[in-house]
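[1] 3D model of this:
(4 chains, ligands or ions: 4)
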Amino acid sequence: MSKNSAVQKRHSVLTPEGTRVAGVQSLMDEEFLIAALRWMMKSRLYDKRVITLQRQGQFGVYSPGTGQEASIIGSAMAVDPVRDWMVPQYRELMATVHHGLPLEVISAQYLGKIAPARIPDGVKVLPSQVSIGAQLPHATGLAWGLRLRGEDAVVLAYIGEGGSSEGDFHEALNLAGVMKAPVVFFLQNNQWAISTSRRVQSATSSFALRAAGYGFEGIEVDGNDVMAVYDVAVAAVERARAGDGPTLIEAVTYRMGFHNTTDNPSRYQNPDELEEARRRDPIERVQKYLAGLGLWDQGREAKMTEEIRDEIETALEAAMAAPVPGPEDLFENVYEHLPQRVLQQRGELLAGQPD
Amino acid sequence: MSKNSAVQKRHSVLTPEGTRVAGVQSLMDEEFLIAALRWMMKSRLYDKRVITLQRQGQFGVYSPGTGQEASIIGSAMAVDPVRDWMVPQYRELMATVHHGLPLEVISAQYLGKIAPARIPDGVKVLPSQVSIGAQLPHATGLAWGLRLRGEDAVVLAYIGEGGSSEGDFHEALNLAGVMKAPVVFFLQNNQWAISTSRRVQSATSSFALRAAGYGFEGIEVDGNDVMAVYDVAVAAVERARAGDGPTLIEAVTYRMGFHNTTDNPSRYQNPDELEEARRRDPIERVQKYLAGLGLWDQGREAKMTEEIRDEIETALEAAMAAPVPGPEDLFENVYEHLPQRVLQQRGELLAGQPD
Amino acid sequence: MPQRNIVEAINNALAEEMERDPRVMVLGLDVGKLGGVFRTTSGLVERFGGARVVDTPLAEASIIGASLGLALAGMVPVAEIQFLGFSAQGFHQLGPQLAKYRQRSRGRYHCQVTIRAPFGGGIRSPEFHSDAVEAHFVQTPGIKIVMPSNPYDAKGLLLEAIRDPDPVLFCEPDRLYRVGRSEVPDGAYTVPFGKAALVREGVHITLVAWSAAVELCLRAGDRLAEEGVSASVVDLRTLVPLDVETLCTEVARTRRFVVVHEAPLSAGFGAEVVATLMEEIFYDLDAPVARVAAFDVPYPAASLEDYYLPSLERVLTAARKTLQG
Amino acid sequence: MPQRNIVEAINNALAEEMERDPRVMVLGLDVGKLGGVFRTTSGLVERFGGARVVDTPLAEASIIGASLGLALAGMVPVAEIQFLGFSAQGFHQLGPQLAKYRQRSRGRYHCQVTIRAPFGGGIRSPEFHSDAVEAHFVQTPGIKIVMPSNPYDAKGLLLEAIRDPDPVLFCEPDRLYRVGRSEVPDGAYTVPFGKAALVREGVHITLVAWSAAVELCLRAGDRLAEEGVSASVVDLRTLVPLDVETLCTEVARTRRFVVVHEAPLSAGFGAEVVATLMEEIFYDLDAPVARVAAFDVPYPAASLEDYYLPSLERVLTAARKTLQG
Ligand SMILES: Cc1ncc(C[n+]2csc(CCOP(=O)(O)OP(=O)(O)O)c2C)c(N)n1
Ligand SMILES: Cc1ncc(C[n+]2csc(CCOP(=O)(O)OP(=O)(O)O)c2C)c(N)n1
Ligand SMILES: [Mg+2]
Ligand SMILES: [Mg+2]
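    Ligands and ions are numbered 1, 2, ... in the order given. Predicted structure coming up:
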């Protein structure tokens, strides 16, 4: 695809009805697809579980990935947890778990734990980012630096269509193009930034078009089609690894839940739109497809659901059992050595504590 | 031009040799072209004059427009000083003069004058902007606001290819697209941002390509061809006035002088490149063209040069004669009413002054 | 008289002023149908339409920079930055441009712009949502800094802000948004800038605060009363302009004071309060000053914020120490 | 011993450290062939190549944010922000991200990043180039703030900064870049953070300053000597960490002090110096404190900067007043 040409038409492999698009190959074979399905189901089931906990006051503010599982998992499966790095925004929780971040660790973060929520050494994931867009210059610098260090690594960075309006998006992508940094920018266009619709976010017909303004490729993909997402992500990762620079992938999907557990979409969302999105559910279409091949049925679904539920409970129990932080944690991880004045403040706070 | 298609090929009307490009019409007739030439010559002659003054310590740090006169004047002539607004960066001095800012006023600014350098009421020009890119969100807001106020006005905003790397560029253009604001973003790609070459600034093959990422048109034009610049600028202004939203124009030109009077390009600039640029001089090509039509000769050039020199001297003398600021000016134009504490500071400073 | 909490007072002020002045408009993230994440703009888009109540793209610098341009066009923008901490994304448009534009244009232009932003801790917000960065903007002169602590002031100060020809940063204490209702009249009234309020009158010590910390100091005042200590509480209301006179008069009266704020101690605005008092009334003070502030570490995870923020205990301890001094 | 001015001292420190540690790299606007607008990086690209000395696009937020990422990859970036005032464009990457990243990652990551930036008035710079915004970053804990005032410290503090595992904002006084040479040894040495220097010893009054204001205070000290007043001058060198001990010891010794800085008065770091002294040594002070700072207005046109900045006269007046008090 020439840099100056428009973005290619949205790539898809599996129709919403769970049939294959004629004449389109995929790198995902059935076995691999079942593994992807399992991860997508885990993402969905985890969302359900922790939302219930949050409603009971046992879990922090949470942004579910419901509806976006194909984007989240299809992209994550395209990178190598051993070599490659992942730079999340915050809605890609299960992608970071796929990349090696233990589920109990990320869960502990939502429970306000400190040390137990630390990303373990060796897990090549950056902390989730609350400051929208701020992770992108980090991803560019990381990818650039890994190349300077001679590492054979690629960085996969996530951003939302809302975040793509921030200046950081522009500066990070432009710099990545100039440095030919091995980074894949994965834009999840889930149609919403809290209550702000995609139409308000930009007049562009496609966010993928922006790549041409930075001198690299932009690709649009059906973000509810895990096979299509995986295929375009693998191609982008290979390009980056080969030294051919960054790619911008726009995964067109839909946020089927609320923005986060404090949000109430009924104030701004048209129910028909949600209904339409439900018909494009990324998980059901894979289940239908596999069922058509005789590889999926209610029994298998029940069994897998059961297994996943157990994994989730084990992780949540571990996270809940992990120690809660105390006042001394305030002063951890601020500097390698606390300045005298801050040490003194620490002393005052701890002295004032009831023991 | 469809939003999704690539940018159209660079528009040009007049070749570097001063001949017409076959089959390309222009809105500029000869008489109008002579007026444009006069403004371009004025820009060049003013640069020469104030650089000499600056070397003698009689003028502030100055960024000449030398080499970019076709971009500066061709764009300025496309807007109406009565209705339309101009938002400069800093290298478009003569464009703002064309738009109604008296030459002695802008000259007074470089001489450190305060009140005498105030943009007169009714002149629809914003102050030159030192913080690169910061003027663009202002331009978008101004254009948006003028439409809300029901005014039939267009905003012409200038930016350099260096400034196009700032987050403000992205945010301002994206918002302008969403609001369909009547603004024309005129990007002068003069190949340099101080010592940083255009290749370092972005890997994109054309800055005009970025417009598609914001949902409006991007056009590339030979920025050393005043007829071509005028024609594309007029089309963009008409689109904006008709309510069809913004346009991004990339005028491809060359900074034939130094960045500013403190800069020494010999440290970073390849002399051949400068030589090549000189062959594309925007003023000479118009003079050759008019000479070919029998409308220009040394006599006319000498006469016009003389007239312009007089205008410049008159303006500079007025600017130099204008009152120099005193300590009280520190506290002017900060708030409509100075807070008590600042009033007191003012009193202390003035009390401490020798009279 | 109608009772309103701070959210309702702000919503009422916006609605009345938009009614009164057609140039007034509201813009920012999710200010339309959603009515803002805290509902301060609830109902405005239904009432005044999408041209005057505008959801913007997710880009703070352009919200602030475009507001400047809108003002130059003759509109009166009231922009919302969803959380004050995210003013950082637009810092270069707020301090160096908006605050400075009257001066940079040598008086040709001024910016009648209000930037509203919720902030402050104690409600278990995510990262960056609680950061109390008001002191930053005291260092960028040209903009006024308004910090209401109660519903009545919130409405009166907001109307004053919207009508001020100069830019105003209006910081809203989200912890107090809905804590309680008090009398907020219908119809326009303004609370002037640069007039601190003596919200509790005492004789032994003066507690100085602004925004949510005022509520904390009032609680401290009640507790001290039980110990036989009569404390004044001064609510500065605006940091720029600063009411040096009331501050000095009230502190000179009690000869002892404590200043309390949610921002980190070092170079917080509390330091300015101390320095000002030392310059103005050094000889009227009987005891070393005490500042109660957040510690000099970044705002922590919500689970730690109660340790981080000034607590009732820490205010009482500081007050007692000052009274012994 | 070799004599160097501040530009040469910084250039020498960068070259030696890049020689010693292959992870060290320099990036920013015009740092390559041009050698930086003040030539502090002159000759580095020729010596270390374009991979380690990198001209970047004109985008401060990405210079700072990418430096963070480069550090995570194991590089040691020394980024130049062409002028400190333009840190505003990258404010959200500097305070909320770079300073906070060790905490936000719960200690998994740290950022060995140095951000260099020239600043300060007195050389007729264009708008924004002179803004002294150091106090902003004292309110964003996690980053250290270094303010050298002379060539020896410039090299020693820069080497300390580059080797510090935590991020450092290194502010260079452009007015003093070339004012004079003094002894700056070849080879590595470091000047520790958090150790103020007594650069002039006196008995009657202590002048406290950092960066270019130190030079002003030294001139004031000489003038006061002619009047029979013996003044100390304390150079804080770093604002974070702050050397509270030396500050208090030296001021307690003279019982009188004046603090001088180029930033606007209100909420400038001078206020923190005053507040700290009041908390620590209130009873050791004989006179009201005085701050000499820029006025609470935006940095003016170059033609007015001599009125705006602290002047010798204003420092002397403040000192005399304090001595009478
Ligand atoms: C800089 C910044 N501005 C505003 C916010 C508040 N906020 C949190 S999430 C969000 C919407 C993000 O939308 P998008 O980038 O599309 O991601 P999504 O939530 O759809 O996954 C906003 C505005 C923030 N966290 N950071
Ligand atoms: C935000 C900001 N960063 C850095 C600078 C320093 N600076 C002044 S001009 C300039 C180059 C601008 O290049 P370009 O936008 O191409 O405009 P040109 O000078 O070529 O007309 C730079 C980096 C600045 N003024 N503002
Ligand atoms: Mg979204
Ligand atoms: Mg340029």
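[2] ok, now which ones touch the closest residue to ligand 2 within the stretch 251-355 of chain A?
    Nearest residue of the stretch 251-355 of chain A to ligand 2 (CB to the nearest ligand atom) works out as A:Tyr335 at 29.3 Å. Bear in mind the C-beta positions are built from the backbone N, C-alpha and C, glycine included. By CB atoms under 8 Å, 6 or more residues apart in numbering or on different chains, the residues touching A:Tyr335 are A:342, D:102, D:142, D:144, D:166.
[3] for C:Asp174, same thing?
    C:38, C:118-120, C:123, C:125.
[4] List the buried residues for the helix or strand containing A:Glu275?
    Here A:Glu275 sits within helix A:271-279, counting by DSSP states H and E. Neighbour counts over helix A:271-279 (16 or more other CB atoms under 10 Å in any protein chain shown) mark A:274, A:277 as buried.
[5] contacts for it?
    By CB under 8 Å, 6+ apart, helix A:271-279 touches A:16, A:67, A:191, A:254, A:256, A:265.
[6] in the stretch 1-150 of chain C, what residue is nearest ligand 4?
    Nearest to ligand 4 in the stretch 1-150 of chain C, going by CB to the ion, is C:His92, at a distance of 19.6 Å.
[7] which residues in the stretch 201-325 of chain C form helices?
    C:212-226, C:244-254, C:269-281, C:305-308, C:312-324 (DSSP state H, counting those that start in this stretch).
[8] does the residue of the stretch 251-355 of chain A found nearest ligand 4 count as helix, strand or coil?
    Ligand 4 sits closest to A:Ala251 of the stretch 251-355 of chain A, with a gap of 35.4 Å, by CB to the ion. What DSSP: H, G, I helix; E, B strand; the rest coil gives for A:Ala251 is strand.
[9] Tell me how far the closest residue to it other than its chain neighbours lies from chain D.
    In space, and not counting its chain neighbours, A:Ala251 is closest to A:Gly223: 3.1 Å by CB to CB, 6 or more residues apart in numbering or on different chains. Distance of A:Gly223 to chain D, given as CB to the nearest CB, to the nearest Å: 26 Å.
[10] Verify the contact between A:Gly223 and A:Gln188 for me.
    Yes. Under the criterion of CB atoms under 8 Å, A:Gly223 makes contact with A:Gln188 at 6.4 Å.
[11] Contact partners for the residue nearest the centre of chain A?
    Among the residues of chain A, the one closest to the centroid is A:Glu92, at 2.3 Å (CA atoms, centre = their mean). Taking CB under 8 Å, 6+ apart, we find A:Glu92 in contact with A:65, A:72, A:76, A:158, A:188.
[12] if we can go back for a sec, could you find which two of the contacts of A:Tyr335 are furthest from each other?
    Comparing every pair within those by CB to CB identifies A:Val342 and D:Arg102 as the most remote, at 13.3 Å.
[13] From D:Ser232, how far out is the residue in the stretch 51-200 of chain C that ligand 3 sits nearest to?
    As assessed by CB to the ion, ligand 3 sits closest to C:Leu58 within the stretch 51-200 of chain C, at 8.9 Å. Look at C:Leu58 and D:Ser232: by CB to CB, to the nearest Å, they are 52 Å apart.
[14] re earlier: confirm that the residue of the stretch 251-355 of chain A closest to ligand 2 sits in a helix.
    No. Counting by three-state DSSP, one finds A:Tyr335 to be coil, located in no helix.
[15] Tell me the confidence at it?
    Listed pLDDT for A:Tyr335 reads 98.
[16] all strands of chain C, in order?
    C:3-4, C:24-28, C:53-55, C:76-80, C:114-119, C:144-146, C:168-173, C:182-183, C:197-200, C:205-209, C:231-235, C:238-240, C:257-264, C:290-294 (DSSP state E).
[17] In the stretch 201-350 of chain A, what residue spans correspond to strands?
    Listed in chain order, the strands of the stretch 201-350 of chain A (DSSP state E, counting those that start in this stretch) span A:217-222, A:247-252.
[18] coming back round to it: neighbour count for A:Gly223 and A:Gln188, which is higher?
    A:Gly223 (31 against 28; other CB atoms under 10 Å in any protein chain shown).
[19] separation between that one and chain C?
    Applying CB to the nearest CB to A:Gly223 and chain C gives a distance of 19 Å.
[20] show me what contacts that residue?
    A:68, A:70-71, A:188-190, A:229, A:251-253, A:282 are the contacts of A:Gly223 under CB under 8 Å, 6+ apart.
[21] do that again at 6 Å, thanks
    By CB atoms under 6 Å, 6 or more residues apart in numbering or on different chains, the contact set of A:Gly223 is A:71, A:251-253.
[22] about what we covered before: what do A:Gly223 and A:Gln188 both touch?
    By CB under 6 Å, 6+ apart, the residues touching both A:Gly223 and A:Gln188 are A:71, A:251.
[23] just to revisit the earlier point, is it correct that the residue of the stretch 51-200 of chain C closest to ligand 3 is in contact with A:Trp192?
    No. Using CB atoms under 6 Å, C:Leu58 is not in contact with A:Trp192; the gap is 11.0 Å.
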